[in-house]
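Peer 1: Next comes the sequence, and after it the predicted model I'd like to discuss.
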Amino acid sequence: MKWDGQQTPTWNEPISNEAAKRAIAGQLADRAEDGHVIGIGSGSTSFLALLALAERVKSEGLSIRCVPTSLEIESYAAALGLPITSLIDARPDWCFDGADEVDPSGNMIKGRGGAFVREQLVFAAAARRIILVDDSKFVPRLGTNFGVPIAVVPEAANLVRQRVREATGVEPQVRPAKGKDGGVIDEQGSLVMDLTTDGVIEPSALEALLLTTPGISATGLFIGYEFEVIK
């Protein structure tokens, strides 16, 4: 995000398919009603939706509160002057976010941005959910294009590698950070690892295995949720 305290924040890189994403952002902003609590996901479309929401708040005097899914999106909302709350104080009336993969049963992989723990919490808490995806995100089975993100207690990394390898035949790998030595550490202080299974393990079985492995606190598997798709 670029913001100097005086100007509207801008996205830090060119936005692909910007016209189409602005149209989606406008649709999302139009759904907001006075008093709504809205879960705000990540990505460029979510950023554009925040801009559209901020414009409605400014022009119509609309009263909303935002529940961000990451510190990054929280900083955008704050820069735009949108009121911020948390799951401690409020339940979202609805939320919107992206996805990395969606299978025919509506199961998803999320977490390429490393914010999947908070994303899952907001997603689970929201009364209604909207997913922003294009056709490339629909796959015949989860794991086709991406591994499953896993949040791991740092001290348990070797134990997790061993236990998951013994159970699946595949060893999860620490996600390397860009621009610094070491791996990605998420906002909860967990080490982010990725498990590439090529989709051969049924999602519910994989989720059960991972969440009963000591040292794993969360995964990027989103299973059994009802949601609306906008693309």
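Peer 2: Good, I have the coordinates.
Peer 1: beta partners for Gly39?
Peer 2: Val67, Cys95 (DSSP bridges).
Peer 1: can you count the residues close to it?
Peer 2: The number of residues packed near Gly39 is 29, by other Cβ atoms under 10 Å. All C-beta spots, glycine's among them, are computed from the backbone N, C-alpha and C.
Peer 1: let's number from 612 now, not from 1
Peer 2: Happy to do that; since the first residue is 612 now, the last one works out to Gly650.
Peer 1: roughly how far apart are it and Gly722?
Peer 2: Separation of Gly650 from Gly722 (Cβ to Cβ, to the nearest Å) stands at 16 Å.
Peer 1: Put the alpha carbons of stretch 691-704 into CSV.
Peer 2: Provided in CSV are the C-alpha atoms of stretch 691-704 (Å, rounded to 0.1, in the frame of the first residue of the first chain):
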residue,chain,number,x,y,z
LEU,A,691,-9.6,5.2,4.2
GLY,A,692,-11.2,6.2,7.5
LEU,A,693,-13.4,3.1,7.7
PRO,A,694,-14.3,2.0,11.3
ILE,A,695,-12.6,-1.3,12.3
THR,A,696,-13.8,-3.9,14.7
SER,A,697,-12.9,-7.5,15.5
LEU,A,698,-14.5,-10.9,16.1
ILE,A,699,-14.2,-10.2,19.8
ASP,A,700,-16.8,-7.5,19.5
ALA,A,701,-18.9,-8.3,16.4
ARG,A,702,-20.0,-11.0,14.0
PRO,A,703,-19.9,-10.1,10.3
ASP,A,704,-23.2,-9.9,8.5
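Peer 1: Pull out the buried positions in it.
Peer 2: For stretch 691-704, burial by neighbour count (16 or more other Cβ atoms under 10 Å) applies to Leu691, Leu693, Thr696, Leu698, Pro703, Asp704.
Peer 1: domain ranges for this protein?
Peer 2: 629-749+837-841, 759-832 (automatic domain parsing).
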